[in-house]
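Trainee: what follows is a predicted protein model with its sequence.
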2 protein chains.
Amino acid sequence: MNGPQQPAPAADFAGWRSHQQAVVEQALSNWVPADSPARLGEAMRYAVLDGGKRLRPLLVLATAEALGGHAGAALRAACAVELIHAYSLVHDDMPCMDNDVLRRGKPTVHVQFGEAQALLAGDALQALAFELLIPGDGSLPAELSARLCRLLAQAAGADGMAGGQAVDLASVGVALDQPALEAMHRRKTGALLQASVGMGAATAAATRQQLADLAEYGACIGLAFQVVDDILDVTADSATLGKTAGKDAAADKPTFVSLMGLAPAQSYADAVLDRAHQALQRCGLKQADHLHALADWVGRRAS
Amino acid sequence: MNGPQQPAPAADFAGWRSHQQAVVEQALSNWVPADSPARLGEAMRYAVLDGGKRLRPLLVLATAEALGGHAGAALRAACAVELIHAYSLVHDDMPCMDNDVLRRGKPTVHVQFGEAQALLAGDALQALAFELLIPGDGSLPAELSARLCRLLAQAAGADGMAGGQAVDLASVGVALDQPALEAMHRRKTGALLQASVGMGAATAAATRQQLADLAEYGACIGLAFQVVDDILDVTADSATLGKTAGKDAAADKPTFVSLMGLAPAQSYADAVLDRAHQALQRCGLKQADHLHALADWVGRRAS
């Protein structure tokens, strides 16, 4: 992305990740306005900046890097997908949804700014995500802007994240089987993770087969992410997670752990990650080290 | 838009309006999915269908018609801007915002479906608005899709509608003067009304001067709309409005009526509409009858 494209050894992953996280943080800080009226900009920045693993941006950037994609487009796509993720957390934490008070180790947005401001900040972040993808300066080809917007809108909407959240809400106390649980998560978290890979690929010229393999990689990342999330919900404490631990069990929500048990859930996550690595290998990318490393990072994370 | 473009006499306005409202209703019904999971699609359709004056879609369609714009793009833009409007009403009615129970003569979405579902339905409607502007079938040039998305995102976000709502929230019990009140409404309702005209114009080849005159027309429509809204809030009853009357006064919100008095507010609305007509005349459009008629419709409406 920056400078000539060279294969990066896996040992460089931590350095690459820190560097890209800093680049994304700076870009988000530049693009999320501080001067919006009536503290709205302040609430938006509070929701977005200085927090999170930036997994979705890293997936965008690593995919674009692996395919030699348009660096400027990839950075905008990385930030846009993070804005959608951030807005969904703000709304998800509200009292009418999960009613959560802690996120990324800080009071949630509605606790800090009030419910109405949290609602509006989330709404404005979603609009900003699309605005980011269509710079007024002509620095992105319109064709690419349109393709990125379409991928993001589909992943965020009723067939994606929002639809998954609706199913999640309707699943409290319901005995979902594993296919139903996976279908819910494929929408709720999987769609946006998969779209991150898809948007990264859209910034480059990928073959149809590569797109299919990357879609499989993205789907596996999404599923593994959720299985590990369910494991951490019972094994980690709130301080480590930066959010309330044990809340799924407390809310009587079906999880991979409640369905399979703890050790089988970890084995399942490992098996799904193997599929992610295999899909990547089929792609025949020259520089897929960071994508491989991201898969392992998702599977072995502690928070 | 449909068939050859012919100047329409003002007397035809009611017929044109009914026809276009039906076209928009049908398009929205086709494009807002019924089959989204867990009643989300049902809540989305409840929020959007069978209600409202469709002022924003009519502005898009009349502007595109006046300039000989791309008919398919104009219909998508008309529906997209209505989806943004509809989502804003859903969120605005929620208990943490205006806490309103009546909208378009029906229980509001959160009353009918619950708060969490209302929140998600609004979120999904916003995503769908952008998705609509980028059909996957190549029927819209990418350049046009991108321009429409950008106009809509800017109008919906922190510099537009969401920002205006934040200022509105912060203005309860505050003695705004008229410039501050107008600045708030320019964002809260004006931005989307002006964007409706701008999106209609974007579907066609307009000169820079025409765009500027149409922007002035749109700004005047937005301002007049709000002044009349404030007048109706004190002069009409809930049954006529299809929403709770008198709520601004009850909420101690500044309005044009509380600031100017009833008769001066009506005179002001008339003067602003005159400016709208003058801006249109400067455009030199062949077929601006429906745009003129829409201005009068906004100024003389009873609900």
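Mentor: Thanks, I have the structure now.
Trainee: farthest from the middle of chain A: give me that residue.
Mentor: What lies farthest from the middle of chain A is A:A38; by CA atoms, centre = their mean that is 28.8 Å.
Trainee: that residue touches B:A162, doesn't it?
Mentor: No - using CB atoms under 8 Å, A:A38 is not in contact with B:A162; the gap is 10.4 Å. Every residue, glycine included, has its C-beta placed from N, CA and C.
Trainee: just to revisit the earlier point, now do the SS call for the residue farthest from the centre of chain A.
Mentor: helix (DSSP: H, G, I helix; E, B strand; the rest coil).
Trainee: how about it, what does it touch?
Mentor: Contacts for A:A38 were tallied using CB atoms under 8 Å, 6 or more residues apart in numbering or on different chains; they are B:G163, B:A166, B:V167, B:L169, B:A170.
Trainee: for A:G136, same thing?
Mentor: By CB under 8 Å, 6+ apart, the neighbours of A:G136 are B:R150.
Trainee: now it: how far from B:I221?
Mentor: The gap separating A:G136 from B:I221 is 24 Å, by CB to CB, to the nearest Å.
Trainee: same check, this time on A:L151
Mentor: For A:L151 relative to B:I221 (CB to CB), the value is 34 Å.
Trainee: which of the two has more neighbours?
Mentor: Under the criterion of other CB atoms under 10 Å in any protein chain shown, the comparison of A:L151 against B:I221 puts B:I221 first, with 30 against 26.
Trainee: for whatever helix or strand the more buried one lives in, the averaged confidence score.
Mentor: For B:I221, the host element (DSSP states H and E) is helix B:208-235. Regarding helix B:208-235, the rounded mean pLDDT is 94.
Trainee: now do A:Q154, the pLDDT please.
Mentor: The model's pLDDT for A:Q154 equals 98.
Trainee: so it belongs to a strand, correct?
Mentor: No - under three-state DSSP, A:Q154 sits outside any strand and is assigned helix.
Trainee: residue contacts, it?
Mentor: A:G160, A:A191, A:A195, B:A127, B:E131.
Trainee: between the residues you listed, which sits nearest A:Q281?
Mentor: A:A195 (22.2 Å; CB to CB).
Trainee: what strand or helix carries the closest one?
Mentor: Residue-wise, A:A195 maps onto helix A:191-202 under DSSP H and E.
Trainee: what do you get for A:E65?
Mentor: helix A:55-67.
Trainee: picking up where we left off before, which of the contacts of A:A38 ranks first by neighbour count?
Mentor: That'd be B:A166 among the contacts of A:A38, by other CB under 10 Å, with 28 neighbours.
Trainee: please report phi then psi for that residue.
Mentor: phi -60, psi -40 (degrees, to the nearest 10).
Trainee: coming back round to it: could you list every helix and strand in contact with the helix holding A:A195?
Mentor: When contacts are defined as 3 or more CB pairs under 8 Å, 6 or more residues apart in numbering or on different chains; DSSP states H and E, helix A:191-202 packs onto helix A:55-67, helix A:71-92, helix A:142-156, helix A:161-170, helix A:208-235.
Trainee: what packs against the helix holding A:E65?
Mentor: For helix A:55-67, the packing partners by 3+ CB pairs under 8 Å, 6+ apart are helix A:13-31, helix A:71-92, helix A:191-202, helix A:208-235, helix A:289-300.
Trainee: the first one close to chain B?
Mentor: No - with CB under 8 Å from any CB of the partner chain as the criterion, chain B is not reached by helix A:13-31; the gap is at least 11.3 Å.
Trainee: buried stuff in that helix?
Mentor: Of all the residues in helix A:13-31, those buried under the rule 16 or more other CB atoms under 10 Å in any protein chain shown are A:F13, A:W16, A:R17, A:Q20, A:Q21, A:V23, A:V24, A:E25, A:A27, A:L28, A:W31.
Trainee: and stretch A:98-118, by the same measure?
Mentor: Under 16+ other CB under 10 Å, the buried positions of stretch A:98-118 are A:98, A:100, A:102-104, A:106, A:108-113, A:115-118.
Trainee: got it, and stretch A:215-230?
Mentor: A:215-230.
Trainee: that older thread, okay, the contacts of A:A38 in JSON lines with distance to chain A next?
Mentor: Shown next, in JSON lines, are those (distance: CB to the nearest CB, whole Å):
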{"residue": "B:G163", "distance to chain A": "5"}
{"residue": "B:A166", "distance to chain A": "4"}
{"residue": "B:V167", "distance to chain A": "5"}
{"residue": "B:L169", "distance to chain A": "5"}
{"residue": "B:A170", "distance to chain A": "4"}
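Trainee: quick check, A:A129 in contact with A:A86.
Mentor: No - assessed by CB under 8 Å, A:A129 is found out of contact with A:A86, at 9.0 Å.
Trainee: how about A:G163, what does it touch?
Mentor: A:G157, A:R187, B:S36, B:P37, B:A38, B:L40, B:A124.
Trainee: what's the farthest-apart pair in the residues you listed?
Mentor: A:G157 and B:A38, at 14.0 Å, using CB to CB across those.
Trainee: before we move on, the earlier item: pick the one among the buried residues of helix A:13-31 closest to chain B.
Mentor: A:W31 (11.3 Å; CB to the nearest CB).
Trainee: just checking, that closest one touches A:L132?
Mentor: Yes - A:W31 is within contact range of A:L132, at 5.9 Å (criterion: CB under 8 Å).
Trainee: what touches both of these two?
Mentor: Counting by CB under 8 Å, 6+ apart, the residues touching both A:W31 and A:L132 are A:C79.
Trainee: so where's the stretch 151-300 of chain A shaky on pLDDT?
Mentor: A:238-251 (pLDDT under 70).
Trainee: got the residues of it near chain B?
Mentor: Near chain B, when you scan the stretch 151-300 of chain A using CB under 8 Å from any CB, you find A:152-154, A:156-160, A:162-167, A:169-170, A:187.
Trainee: try it again at 10 Å.
Mentor: A:151-171, A:183-184, A:187 (CB under 10 Å from any CB of the partner chain).
Trainee: which one of the helices and strands packed on helix A:191-202 lies closest to B:V48?
Mentor: Counting by CB to CB, and looking across all of the helices and strands packed on helix A:191-202, nearest comes helix A:161-170 at 14.7 Å.
Trainee: pull out the buried residues from the helix or strand just after that closest one.
Mentor: The helix or strand immediately downstream of helix A:161-170 is helix A:178-185, counting by DSSP H and E. Neighbour-count burial for helix A:178-185 flags A:L181, A:E182, A:A183, A:M184, A:H185 (criterion: 16+ other CB under 10 Å).
Trainee: buried set for stretch A:255-273?
Mentor: Those would be A:T255, A:F256, A:V257, A:S258, A:L259, A:M260, A:A265, A:Q266, A:Y268, A:A269, A:V272, A:L273, for stretch A:255-273 by 16+ other CB under 10 Å.
Trainee: which among these gets closest to chain B?
Mentor: Among the buried residues of stretch A:255-273, and counting by CB to the nearest CB, the member closest to chain B is A:T255, at 17.9 Å.
Trainee: quick one: the residue nearest to that closest one when sequence neighbours are not counted and A:P179, what's the gap?
Mentor: In this structure, A:T255 finds its nearest non-sequential neighbour in A:D230, 3.9 Å apart by CB to CB, 6 or more residues apart in numbering or on different chains. For A:D230, the distance to A:P179 (CB to CB) stands at 16 Å.
Trainee: what do you get for A:A191?
Mentor: Counting by CB to CB, the gap from A:A191 to A:P179 is 17 Å.
Trainee: next one: A:G122
Mentor: From A:G122 to A:P179 the distance is 31 Å (CB to CB).
Trainee: now do A:L193
Mentor: Taking CB to CB, one finds A:L193 at 19 Å from A:P179.
Trainee: give me the neighbour count for the nearest residue to A:L291 once chain neighbours are set aside.
Mentor: Nearest residue to A:L291, sequence neighbours excluded (CB to CB, 6+ apart): A:A62, at 4.9 Å. Number of residues near A:A62 (other CB under 10 Å) recorded here: 29.
Trainee: distance of A:A62 relative to chain B?
Mentor: Remark: distance between A:A62 and chain B (CB to the nearest CB, to the nearest Å) = 25 Å.
Trainee: next: A:A195.
Mentor: 11 Å.
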